[in-house]
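> pasted the sequence and its predicted model underneath.
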Amino acid sequence: MEMIILFVVLAGLMFFMSARSRKQQRAQQEFRSQLAPGQEVMTGSGLFGTVVEVDEASDTVTIESSPGTQTRWLRAAIAKRVDTPVEEGSETDGETDVTDESGETGTITSGDGHVDVPDDLSSLDTAQREYREQQRREDGETDSK
């Protein structure tokens, strides 16, 4: 009886694993069939470039990796589409929109858009000590050490 249950569980796992693999393969095949000139892509070997031409007859894609450098690849070698990054000038310098727990949206503004972040934890103690000393000086306290 235990062997039958074990066999059924193993058969079920194999079925679900193969179904997931088939689903991933279909998604990749659909992605590759929708390749069009102008899209930024990455090949399976890590080459980044822009699709210049898609040849349906030979199932190849021509990619331009740098201006004037074009290479032909099998369509199956294209691993994924690369989303273009947000342009630097698209967001106001020093301002970041945030949403808090209540759902309200606000803006965080830094003076010059620059924030000092320590390289290691040892400088955090120094920064905290300097802050406390500055607060004492502002409050008129003297250093009693």
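Cool, the structure landed.
> so for the longest helix anywhere in the chain, mean pLDDT?
Taking DSSP state H as the criterion, the chain has its longest helix at helix 2-33. If you average the pLDDT over helix 2-33, you get 87.
> equivalent analysis for stretch 81-90, please.
Average pLDDT, stretch 81-90: 64.
> can you list contacts of the host helix or strand of residue 54?
Taking DSSP states H and E as the definition, one finds residue 54 inside strand 48-55. Strand 48-55 is contacted by residues 35-43, 60-66, 70-71, 75, 82 when judged by CB atoms under 8 Å, 6 or more residues apart in numbering. For every residue, glycine as well, the C-beta is placed using N, CA and C.
> and the nearest residue to residue 76 once chain neighbours are set aside, how far is that from residue 55?
Excluding its sequence neighbours, the residue lying closest to residue 76 (CB to CB, 6 or more residues apart in numbering) is residue 32, at 6.9 Å. Computed as CB to CB, to the nearest Å, the residue 32 to residue 55 distance reads 13 Å.
> the more surrounded of these two?
Set side by side, residue 32 and residue 55 show more neighbours around residue 32, with 19 against 11, by other CB atoms under 10 Å.
> could you give the number of residues near residue 64?
Per other CB under 10 Å, the neighbour tally for residue 64 reads 15.
> tell me the secondary structure at it.
The local conformation at residue 64, judged by DSSP: H, G, I helix; E, B strand; the rest coil, is strand.
> I'd say it and residue 70 touch.
Yes: contact criterion CB atoms under 8 Å: residue 64 and residue 70 qualify, at 5.0 Å.
> which helix or strand contains residue 72?
Judged by DSSP H and E, residue 72 forms part of strand 69-74.
> dig out what residue 62 forms beta bridges with.
Beta-bridge pairing of residue 62 under DSSP bridges involves residue 53, residue 72.
> and if you look at the one 4 residues further on?
Counting by DSSP bridges, residue 66 forms beta bridges with residue 69.
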